[in-house]
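Enquirer: A structural model of the following input is requested.
(2 chains)
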Protein chains: 2
Amino acid sequence: MMLNTKANLRGVLLALATLMLAALSPGAAHAEDPLPSWNEGAAKAAIISFVERVTTEGSADFVPVPERIAVFDNDGCLWPENPLPFQLAFAFDEVKRLMASKPELKDDPMVQALLAGDIAKLLEGKHHDGLLHIIALTHAGMTTDEFDKRVEDWLATARHPRFDRPYDQLTYQPMQEVLRYLRANGFKTFIVSGGGADFLRVWTERVYGIPPEQVVGSTGRVTYELRETGPVLVKTLDHLFVDDKAGKPAGIHQFIGRRPIAVFGNSDGDKQMLEYGTINNPRPSLGVIVRHTDAEREYQYDVNPKSSGTLVEALKDAPQRGWTVVSMKDDWKVVFSAP
Amino acid sequence: MMLNTKANLRGVLLALATLMLAALSPGAAHAEDPLPSWNEGAAKAAIISFVERVTTEGSADFVPVPERIAVFDNDGCLWPENPLPFQLAFAFDEVKRLMASKPELKDDPMVQALLAGDIAKLLEGKHHDGLLHIIALTHAGMTTDEFDKRVEDWLATARHPRFDRPYDQLTYQPMQEVLRYLRANGFKTFIVSGGGADFLRVWTERVYGIPPEQVVGSTGRVTYELRETGPVLVKTLDHLFVDDKAGKPAGIHQFIGRRPIAVFGNSDGDKQMLEYGTINNPRPSLGVIVRHTDAEREYQYDVNPKSSGTLVEALKDAPQRGWTVVSMKDDWKVVFSAP
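Expert: You can find the predicted model right below:
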């Protein structure tokens, strides 16, 4: 009897406390704007209406929390990719740094091309052999811990040539808001980038709140060694997996194992992942393309087939696929997060 | 003024509600046994004391929630691997099923070896070519959706030859309790298995509460196609990644991107992952080996170098590494979860 009364009292108090918390939550007090850096318009409305649809319990469009998977391209979608994708800027700075201890690098024709700014030469050939060679010099043959340290050191010292800020202080504020908004609504947010997973994981948790295990990127195999100092993993470029174009849905399958219901990209490299998330998905889905239309505050390079981040095919498909196209110039009140 | 008063009242009520919830949580009411299927002993004590150490705020051993990564081998650690690893039973049953529509398979020498029960022949050669051939027949050349359906159909119909239960109803109750206990304490639980990631992901969420994105396993590349019916991924065995032995720390790095602090295994295939989690880890860590010592309720095959799940080297290393060795016979009150 005593126990029952106690249990009842506990139940009542628990229900009361839960009700109090619900009534006091920010959403209940007044509907705050979840995307304050977005101008009112079709793009903002499409994102908010999608989130409301899939989170309304009892609705036919309701999606259970475990299936709320959102994937984001990184370069050009969460931060810029000009004048070079930032990881290439890292690789180029690393080559210059390495030359101090390896002077023989100055005789390397691809290093010479890099120093001369001859990017076209690095990109020659079907497999961009020159670029791969630079990547091999800067991204392989060291342990993962040593590589992490190099990326951290670079982020701490390098600055973007135009904006004169550390690279990791150049993320798009409107997209940071989308990440937070989705997570507040039960989504798991993943990066699905052509960039190297190891490069990204050093800083994505700090910068985007995205933990390493939610980063899908390009990878080479690592080899395990138990050294005197403990276990290490040595980076190689063997079995290189390039997480771009048709590699993106493949990467999503291999690393996440479910179809995403929300896909954010900005270039033709994201076309297949947009298709994978949105065509004949049994769940409601959202596809979003961030279009670089803002020469003044960022860059204007959409539909330029020569730039990195080419957006031709995916933009052509957008209307028939129902993908939402965001214009940075028109849809975003601010571009960059405050430093 | 009005706003300030409102805000203050809200703050007070919020704090009150939070305190009420905390006081009413089950942990505060009385300390329940988190591992009821474990006998009191060194193994149970080691697991509980580790969890208490890393979750005590203010302690030098405290580990922040994002770093509470626990990894579990599957075969022989969460469910049995006898008389055959269950995925092999699936592959063998699939070959028999496929023969109905592909009678030419009866002329295949490796299919003949399989039907004759000549497993030794399948395992011949450095790369176990016969076995790989059977895997190719049953695990490649179909879409991931088709493969998922085959695994589901098999789980719905096949029964374990000794225990006469569906294979997915043969999980170890004491390990299910460890999974739940760790998750209740802020851990993310991952499977890190030599088995195929695609095979595992069909059922791990339902059976272990482990979502697909927390399953690391062996993989072949998938290729993306946009068909009339929508996007598909076709399974191949290209760039086969075998998530076993030294592949396990490599797989952990590639898929999770952080060192685990708790590692559960049962065979020499888990030795490198145990090392990776526990040797010179800057965080406190726990290594656990489940030893198959129970011929009556399950199987007794530890230190038998001929069985699957050989445990010789890892067991030898356990004392110097500080790994906890669990005896199924002595440490577990029950073996299998109730159906």
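
Enquirer: How about the lengthiest strand in chain A and chain B, any contact?
Expert: Across chain A, the strand with the greatest residue count (assigned by DSSP state E) is strand A:188-196. Yes: using CB under 8 Å from any CB of the partner chain, strand A:188-196 reaches chain B at A:Lys188, A:Phe190. Just so you know, the C-beta spots here come from the backbone N, C-alpha and C atoms, and that holds for glycine as well.

Enquirer: Contact residues of the stretch 151-300 of chain A facing chain B?
Expert: A:188, A:190, A:197-198, A:201, A:205, A:211-215, A:219, A:221-224, A:226, A:229-231, A:233, A:239, A:241, A:246-247, A:249-250, A:253-258, A:272, A:275-276, A:279-281.

Enquirer: Restricted to strands, list those residues.
Expert: Counting by DSSP E, those contribute A:Lys188, A:Phe190, A:Val215, A:Val222, A:Thr223, A:Tyr224, A:Leu226, A:Gly230, A:Pro231, A:Leu233 to strands.

Enquirer: Which residue is the nearest non-sequential neighbour of the fifth one?
Expert: Just to be clear, that refers to A:Thr223. A:Val234 (4.9 Å; CB to CB, 6 or more residues apart in numbering or on different chains).

Enquirer: just the fourth one next, same as before
Expert: Counting by CB to CB, 6+ apart, A:Val222 lies nearest to A:Leu233, which is 4.1 Å off, once chain neighbours are set aside.

Enquirer: could you list every residue that touches the one you found?
Expert: A:Thr143, A:Thr144, A:Val222, A:Thr223, A:Tyr224, A:Glu225, B:Pro249, B:Ala250, B:His253 (CB atoms under 8 Å, 6 or more residues apart in numbering or on different chains).

Enquirer: try 7 Å this time
Expert: Shown in contact with A:Leu233 (CB atoms under 7 Å, 6 or more residues apart in numbering or on different chains): A:Thr143, A:Thr144, A:Val222, A:Thr223, A:Tyr224, B:Pro249, B:Ala250, B:His253.

Enquirer: With just CA atoms, put the strand or helix carrying A:Leu315 into CSV.
Expert: Using DSSP states H and E, A:Leu315 maps to helix A:313-321. Written as CSV, here are the backbone C-alpha positions of helix A:313-321 (Å, rounded to 0.1, in the frame of the first residue of the first chain):
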residue,chain,number,x,y,z
GLU,A,313,23.5,19.6,-65.0
ALA,A,314,22.0,19.6,-61.5
LEU,A,315,20.6,23.1,-62.1
LYS,A,316,19.0,22.0,-65.3
ASP,A,317,17.4,19.0,-63.5
ALA,A,318,16.2,21.1,-60.5
PRO,A,319,12.7,22.0,-61.7
GLN,A,320,11.7,18.5,-62.8
ARG,A,321,13.1,17.0,-59.6
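
Enquirer: is any part of it close to chain B?
Expert: No: interface with chain B: helix A:313-321 contributes nothing (CB under 7 Å from any CB of the partner chain), its closest point being 10.5 Å away.

Enquirer: in that helix, what's buried?
Expert: Within helix A:313-321, the residues that qualify as buried by neighbour count (16 or more other CB atoms under 10 Å in any protein chain shown) are A:Ala314, A:Leu315, A:Asp317, A:Ala318.

Enquirer: still on that earlier bit, which members of the ones in strands among the residues of the stretch 151-300 of chain A next to chain B are the farthest-apart pair?
Expert: A:Lys188 and A:Leu226 (33.6 Å; CB to CB).

Enquirer: Those two: which is more packed in?
Expert: A:Lys188 (21 against 15; other CB atoms under 10 Å in any protein chain shown).

Enquirer: List the buried residues for stretch A:139-156?
Expert: Buried residues in stretch A:139-156, counted by 16+ other CB under 10 Å: A:His139, A:Ala140, A:Thr143, A:Thr144, A:Phe147, A:Asp148, A:Arg150, A:Val151, A:Trp154, A:Leu155.

Enquirer: For the residue nearest to the fourth one when sequence neighbours are not counted, give the beta-bridge partners.
Expert: Computed as CB to CB, 6+ apart, the closest residue to A:Thr144 that is not its neighbour in sequence is A:Leu233, at 4.6 Å. When bridges are assigned using DSSP bridges, the partners listed for A:Leu233 are A:Tyr224.

Enquirer: pLDDT wise, what is A:Leu233 at?
Expert: A:Leu233 carries a pLDDT value of 98.

Enquirer: residues touching the nearest residue to A:Pro34 once chain neighbours are set aside, list them.
Expert: Distances taken as CB to CB, 6+ apart place A:Tyr181 nearest to A:Pro34, at 4.2 Å, with adjacent residues excluded. Each residue near A:Tyr181 by CB under 7 Å, 6+ apart is listed here: A:Pro34, A:Leu35, A:Val51.

Enquirer: sec struct for the residue in the stretch 51-200 of chain A that chain B sits nearest to, please.
Expert: Nearest residue of the stretch 51-200 of chain A to chain B: A:Pro66, at 5.7 Å (CB to the nearest CB). What DSSP: H, G, I helix; E, B strand; the rest coil gives for A:Pro66 is helix.

Enquirer: how close does the closest residue to it other than its chain neighbours sit to A:Gln214?
Expert: Leaving aside its sequence neighbours, A:Pro66 sits nearest to B:Pro211 (CB to CB, 6+ apart; 5.7 Å). Remark: distance between B:Pro211 and A:Gln214 (CB to CB, to the nearest Å) = 12 Å.

Enquirer: more crowded one of the two?
Expert: Using other CB under 10 Å as the criterion, B:Pro211 and A:Gln214 rank with A:Gln214 on top: 23 against 20.

Enquirer: Give me the pLDDT value at the closest residue to that one other than its chain neighbours.
Expert: Spatially, and ignoring its direct neighbours in sequence, A:Gln214 is nearest to A:Phe190 (4.6 Å; CB to CB, 6+ apart). Looking at A:Phe190, its pLDDT reads 98.
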